[in-house]
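no FASTA, just this:
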Ligand SMILES: NC(=O)c1ccc[n+]([C@@H]2O[C@H](COP(=O)([O-])OP(=O)(O)OC[C@H]3O[C@@H](n4cnc5c(N)ncnc54)[C@H](O)[C@@H]3O)[C@@H](O)[C@H]2O)c1
Ligand SMILES: N[C@H](CO)Cc1c[nH]c[nH+]1
Ligand SMILES: [Zn+2]
């Protein structure tokens, strides 16, 4: 793996060391995605069918998963896997339920009642990746909060397998969340179908879920197009940043780095440590563990843009991490909790030697749909609120307008908006009469 000593790097070299491969989405990708979106928008299902043949090498007459397919999926799944999906769903639901927004109301002045009420987003589109590995856990991470929010229509797209079927574990996880509108579609064509609607895929108000560079770029573009759809966040190629001290277990750290590297060639994994010996040991462990990883080829490509970084102090490591804003941050530190206040940006944090990031991926209860490419500077991971509208309400009595009306009149006058002033002043006159 690439090793660097932070204090020996110039400013441009530091920027280069932390540059994400996914940020190098070139003009060519942007243009290709825009063209594919246009095709689906203009020609609906016919274009979706052609693109599925081109990119997934599958010819599909219909994309919708049938009741028979759902039942077959549940029946073919090994009982142990069904039980694991059920167990994970239970903890994800418990944690997300506890963190739900609440409605509230208060009197901001006598006779002025202000409230927040919550409504589900009516029709949401979920994307579950399956390009290089089907991710049933992602179906849970999306489906559980959508269900808790009470979304009326939940559409889910996931790429087809070579035989034209959908992954049975993804279907079982979808069913577990009450999702029955599932389409065997992947990539840009899936995002376009849910954003614009086609003859068979319903148009959705907001799209959710992770994906590769094409999926993430397609989401970015549909969010900017008139008649497109809102999106949750940029949730692209996986990342992890580990801050480890001399007492960390090198084999654990290496396994955590590789667990994200194996997601895709454009994943990025970083280790920051103030202990050179630990870095040596992690490098040895990475090589050793890579030798027996089935997805070693993918991981090796991700490691090309990954780094083992020697820092002078742990404080410096936190400064680097906060600037980088990683999707996942592992603190393999003695008394990791004591360092938590230093964390200013991150999608999800894992404290101590016994909290591998893979637990958050599957079953600790937190959500694994998290911001990548530095988006953790301004957005958090997926939660129930992502699927809700927070609507404010105000109810004002005669007493209320008498109390706060003059304030509005003053501000409207200052802004030179006379109709605003009048809307309040007329009522004030009536109340005074
Ligand atoms: N940030 C998060 O929260 C999070 C969570 C889970 C997974 N992920 C990431 O999701 C990604 C999953 O990627 P994946 O590839 O396995 O599955 P995917 O489902 O995202 O992408 C597969 C689809 O890409 C399309 N595609 C492939 N080559 C193309 C091309 N040349 N042009 C246009 N479209 C093309 C195909 O239609 C295919 O169906 C990984 O990068 C993983 O790290 C991120
Ligand atoms: N680590 C991924 C998010 O970057 C989520 C995931 C799903 N399955 C395994 N991992
Ligand atoms: Zn993962």
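Received it, and whenever you're ready, just let me know what you need. Please read all numbers here as calculations on a predicted model, not as lab measurements. Ligands and ions are numbered 1, 2, ... in the order given.

hey, let's count contacts and neighbours off CA atoms from now on
OK.

give the rounded mean pLDDT of the longest helix seen in the chain.
Of all the segments assigned as helix in the chain under DSSP state H, the longest by residue count is helix 27-56. Averaging pLDDT along helix 27-56 yields 96.

and that helix, what does it pack onto?
Contact analysis of helix 27-56 by 3 or more C-alpha pairs under 8 Å, 6 or more residues apart in numbering; DSSP states H and E lists helix 187-196, helix 213-224 as its packing neighbours.

after that helix comes which helix or strand?
Next helix or strand after helix 27-56 toward the C-terminus (DSSP states H and E): helix 67-76.

how far away is the spatially closest residue to residue 49 that is not a sequence neighbour from residue 72?
Beyond its immediate neighbours in the sequence, the residue positioned closest to residue 49 (C-alpha to C-alpha, 6 or more residues apart in numbering) is residue 60, lying 6.5 Å away. Between residue 60 and residue 72 the computed distance is 19 Å (C-alpha to C-alpha, to the nearest Å).

neighbour count: these two, which is higher?
Using other C-alpha atoms under 10 Å as the criterion, residue 60 and residue 72 rank with residue 60 on top: 18 against 14.

from memory that one sits against residue 166, does it?
No - taking contact to mean C-alpha atoms under 8 Å, the distance of 11.7 Å between residue 60 and residue 166 leaves them out of contact.

hang on, isn't residue 56 packed against residue 159?
Yes - here residue 56 reaches residue 159: they are 7.5 Å apart, a contact under C-alpha under 8 Å.

hang on, the earlier thing: buried ones in the longest helix of the chain, by neighbour count?
Using 16 or more other C-alpha atoms under 10 Å as the burial criterion, the residues of helix 27-56 that qualify are 30, 33-34, 36-37, 39-41, 44-45, 47-52, 56.

do that helix and ligand 1 meet at all?
Yes - judged by C-alpha under 6 Å from any ligand atom, helix 27-56 comes into contact with ligand 1 through 55-56.

then stretch 374-388?
No - using C-alpha under 6 Å from any ligand atom, no contact is recorded between stretch 374-388 and ligand 1, whose separation bottoms out at 7.9 Å.

buried residues in that stretch?
Neighbour counts over stretch 374-388 (16+ other C-alpha under 10 Å) mark 374-377, 379-388 as buried.

got the contact list for residue 36?
Neighbouring residues of residue 36 by C-alpha atoms under 8 Å, 6 or more residues apart in numbering: 188-189.

all helices of the stretch 251-400 of the chain, in order?
Here the stretch 251-400 of the chain has its helices, by DSSP state H, counting those that start in this stretch, at 276-290, 296-304, 314-324, 336-339, 357-362, 398-415.

looking at the ones you listed, which is closest to residue 88?
With respect to residue 88, and counting by C-alpha to C-alpha, the nearest of the helices of the stretch 251-400 of the chain is helix 357-362 at 6.7 Å.

correct me if wrong: residue 235 contacts residue 369.
Yes - applying C-alpha under 8 Å, one finds residue 235 in contact with residue 369, separated by 6.6 Å.

mind listing the shared neighbours of these two?
Overlap of the contact sets of residue 235 and residue 369 (by C-alpha under 8 Å, 6+ apart) consists of 209-210.

export the helices of the stretch 251-400 of the chain to a markdown table and tack on distance to ligand 1 and mean neighbour count?
Output for those, formatted as a markdown table (distance: least, C-alpha to the nearest ligand atom, whole Å; neighbours: other C-alpha atoms under 10 Å):
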| stretch | distance to ligand 1 | mean neighbour count |
| --- | --- | --- |
| helix 276-290 | 18 | 17 |
| helix 296-304 | 10 | 20 |
| helix 314-324 | 15 | 18 |
| helix 336-339 | 24 | 14 |
| helix 357-362 | 8 | 18 |
| helix 398-415 | 44 | 16 |
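
just send those back as CSV, with mean pLDDT too.
As requested, these are arranged in CSV below (pLDDT from 0 to 100):
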stretch, mean pLDDT
helix 276-290, 98
helix 296-304, 97
helix 314-324, 98
helix 336-339, 98
helix 357-362, 98
helix 398-415, 98
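
of all those, which one is nearest residue 65?
When the helices of the stretch 251-400 of the chain are ranked by proximity to residue 65 (C-alpha to C-alpha), helix 357-362 comes first, at 24.6 Å.

who's in contact with that closest one?
Taking C-alpha under 8 Å, 6+ apart as the rule, helix 357-362 contacts 88, 137, 256, 259, 328, 330, 350, 366-368.

among those residues, which are in strands?
Mapping the contacts of helix 357-362 onto strands (DSSP state E) picks out 328, 330, 350.

nearest to ligand 1 among these?
Ligand 1 has its nearest neighbour among the ones in strands among the contacts of helix 357-362 in residue 328, at 9.3 Å by C-alpha to the nearest ligand atom.

so who does the closest one touch?
Remark: with contacts taken as C-alpha under 8 Å, 6+ apart, residue 328 is in contact with 239-241, 346-350, 357.

switch the cut-off to 6 Å
240, 347-349 (C-alpha atoms under 6 Å, 6 or more residues apart in numbering).

so what's it bridging to?
Taking DSSP bridges, one obtains residue 240, residue 348 as the residues bridged to residue 328.
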